[in-house]
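Asker: got a predicted structure plus its sequence, pasted below:
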Amino acid sequence: MPRRPNDSLATYTQKRDFTRSPEPSSGGAAGGNIFVVQHHWARRDHYDFRLELDGVLVSWAVTRGPSLNPADKRLAVRTEDHPLSYAEFEGLIPQGEYGGGTVMLWDRGVWEPISADPAQAIADGSVKFRLFGERMRGAWALVRIKPEGKRENWLLIKEKDEVADRETAFVEQYETSVSTGRNRAEIEAGKRVSRARKKPAAAARNHPLPAFVPPCLCKTRDAPPSSDGWLYEMKYDGYRLQAACSGSEVRLYTREGHDWTARFPSIAQGLRLLDLDGALIDGEAVVFDRKGLTDFPALVAALEGRGHIAFVAFDMLSNKGADMRDKPLSERRRQLDAALQRADGQTIRIAAWHERNGVQLFASAVEGGAEGIICKKASSPYKSGRSDAWLKVKGEKREDVIIVGYSPSDKRAFASLVAAVETDGELRYAGRVGGGFTDKRLSEIKAQLDAIRAKTPPPMQNASAAPRGIIWVEPRLRAEIELAGWTGDAHIRQGRFLGWREDRTPVAAKIATGKAEKKMPVKTVSPRLTNAERVMFPETGLTKGGMADYYEAVADRILP
């Protein structure tokens, strides 16, 4: 259970006289996993390291400051929690008051936990996390050691990664504030930040933040195109994101234009650090597994604070204020590569692309466990909506479905979810999903569904095919599922729940309000055929492929 900030700040309040000290007494809005480091010249020179957690800044006083050398284990003494408003404090605390001395805002940014439950990890004495600051970056750890009296002693240690540096004298490089640009003497003299101290790039920038653009979407094909002039990328299994960036201003939008900046603080901070100017970038938020494959369930878990989320960029719609959508994809990709050349390659990545051998790439991708590939015409402009210029070729069967009910069970929270698929703004009953649930997830999902129960099924084609006894719900929730295939009547076969598709609006308004009336054509599914030349009936010479051709020809008549 999260701690109550008011109780947690009791020690902070008791130690200070706010009629004398300029420090904030309370307040501050949640910043989305912010962290700050304040260089504090008090009785002893040290660096206060603070992480936002459960509504406060959990704090440590680090002697000698942080080091990029993993061999350095810097003593970090746990201090009282501070209010979130302290993240912006810089100034003089009067001598004689608690902590009397000069405070400089030395670094700031956002952090994300590597430990599954950071609050519990801190309680247990060992927490790992990633920092996305203006100065401190990469993976770090705080480890509690033997206490000295009432002091709670920890060690701040840099993890071994691409940011680690055994040579650089890190803290000595930075003698000014990341907020005001002032040094210690200027803060003590009360000097205000002048216009001349502002970053030239920020002062010169005159391109506003680009507006959201409805994204280009793929059509599905069974095989990559055989003609020339295509670019090929891996298909990523995550949330589509569009990043609008101009300097420190960053907005992250879902494929339907919802602002999800607060849900991806590390991605937003990674883009801020690149100092882009009037850029609009198309990409995908994903979590990579140990094999380098994207893992959708892991992404769902990471949004709850249990994993590292990366942004894979694959297109650039505008740059330096110029609209690039009419330019060919090959040119947009070149500008994207140039704009993101300083990206860290971990949180912000550029999608690799290939100019030939699409068939071979698809085969290799599927063999390696990937979902498939995306094929894009190199000469194509960027057009919103579905286009023949972008093709999706999938090996693994995934489906985006809408949950319309559940089958009750005497042994667990429910037996299975009832799914529908949406085509042209209308729903069709598509069968049940019975796998992919832990006991905890079963209870959580049932609580979500019971909150939106309905007396009757939503307007839905083929609803009569659903079994009796279903508990119906309003069609508000969209899910990603894995399936073995489709039955002959176009129902899900061996469906497995992977996670909610929170990035997409569940259904068209007319479905939710019961206004859909027109008939929807029966969906036919063409399975992959093996051994098509195999003779099934020797007396007639009918082959397996011939049977498939026949049933495909009469499907519209026999499926109803």
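Answerer: Cool, the structure landed.
Asker: list the contacts of residue 386.
Answerer: Contact analysis of residue 386 by CB atoms under 8 Å, 6 or more residues apart in numbering lists 217-219. For every residue, glycine as well, the C-beta is placed using N, CA and C.
Asker: which strand or helix spans it?
Answerer: strand 385-394 (DSSP states H and E).
Asker: tell me which other helices or strands whichever helix or strand comes after that strand touches.
Answerer: From strand 385-394 onward toward the C-terminus, using DSSP H and E, the following helix or strand is strand 398-407. Contact here means 3 or more CB pairs under 8 Å, 6 or more residues apart in numbering; DSSP states H and E; on that basis strand 398-407 packs against strand 416-423, strand 426-435, helix 439-450, strand 471-482.
Asker: compare those and give me the one nearest residue 134.
Answerer: Among the helices and strands packed on strand 398-407, strand 471-482 comes nearest to residue 134, with 35.8 Å by CB to CB.
Asker: which helices and strands does the closest one pack with?
Answerer: Applying 3+ CB pairs under 8 Å, 6+ apart, we find strand 471-482 packed against strand 398-407, strand 416-423, strand 426-435, helix 439-450, strand 495-500, helix 509-512.
Asker: in JSON lines, list the ones you listed along with mean neighbour count and mean pLDDT.
Answerer: Below are the helices and strands packed on strand 471-482 laid out as JSON lines (neighbours: other CB atoms under 10 Å; pLDDT from 0 to 100):
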{"stretch": "strand 398-407", "mean neighbour count": "21", "mean pLDDT": "91"}
{"stretch": "strand 416-423", "mean neighbour count": "22", "mean pLDDT": "90"}
{"stretch": "strand 426-435", "mean neighbour count": "22", "mean pLDDT": "91"}
{"stretch": "helix 439-450", "mean neighbour count": "14", "mean pLDDT": "91"}
{"stretch": "strand 495-500", "mean neighbour count": "20", "mean pLDDT": "91"}
{"stretch": "helix 509-512", "mean neighbour count": "15", "mean pLDDT": "48"}
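Asker: any idea how far the residue nearest to residue 485 when sequence neighbours are not counted lies from residue 283?
Answerer: Among residues not flanking residue 485 along the chain, residue 493 sits closest, at 4.8 Å (CB to CB, 6 or more residues apart in numbering). As defined by CB to CB, to the nearest Å, residue 493 lies at a distance of 32 Å from residue 283.
Asker: so those two - more neighbours on which side?
Answerer: A count of neighbours by other CB atoms under 10 Å puts residue 283 above the other of residue 493 and residue 283, at 27 against 13.
Asker: next, count neighbours for the residue lying closest to that one once chain neighbours are set aside.
Answerer: Nearest non-adjacent residue to residue 283, counting by CB to CB, 6+ apart: residue 313, 4.0 Å away. Neighbour count of residue 313, defined by other CB under 10 Å: 23.
Asker: confidence score at residue 313?
Answerer: Per-residue confidence (pLDDT) for residue 313: 97.
Asker: which strands or helices does the helix or strand where it lies pack on?
Answerer: For residue 313, the element it lies in under DSSP H and E is strand 310-319. Here strand 310-319 touches strand 239-246, helix 265-272, strand 279-286, helix 329-339, strand 348-350, going by 3+ CB pairs under 8 Å, 6+ apart.
Asker: pull out the buried positions in the host helix or strand of residue 362.
Answerer: Assigned by DSSP H and E, residue 362 belongs to helix 358-367. Buried residues in helix 358-367, counting neighbours by 16 or more other CB atoms under 10 Å, are found at 358, 361-362, 365-366.
Asker: that one: how far from the chain's middle?
Answerer: 26 Å (CA atoms, centre = their mean, to the nearest Å).
Asker: residues in contact with the next helix or strand after it?
Answerer: Using DSSP H and E, the helix or strand that follows helix 358-367 in sequence is strand 372-377. When contacts are defined by CB under 8 Å, 6+ apart, strand 372-377 is touched by residues 218, 221, 224-225, 229-235, 329, 358, 361-362, 365-366, 389-396.
Asker: separation between residue 343 and residue 281?
Answerer: Distance from residue 343 to residue 281, counting by CB to CB: 11 Å.
Asker: with neighbour numbers in mind, choose between those two.
Answerer: The residue with more neighbours, out of residue 343 and residue 281, is residue 281; 26 against 18, by other CB under 10 Å.
Asker: who's in contact with that one?
Answerer: Residues near residue 281 by CB under 8 Å, 6+ apart: 242-243, 245, 271, 313, 315-317, 336, 339-340.
Asker: what do you get for residue 453?
Answerer: 471-474.
Asker: looks to me like residue 12 is in a strand.
Answerer: No: judged by DSSP: H, G, I helix; E, B strand; the rest coil, residue 12 forms no part of a strand; its state is helix.
Asker: in space, what's closest to it - neighbours in sequence excluded?
Answerer: residue 80 is the one closest to residue 12 (CB to CB, 6+ apart), at 4.8 Å.
Asker: one more: residue 442?
Answerer: residue 413 (3.9 Å).
Asker: phi and psi next, for the one you found.
Answerer: Per-residue torsions, residue 413: phi -60, psi -40 (degrees, to the nearest 10).
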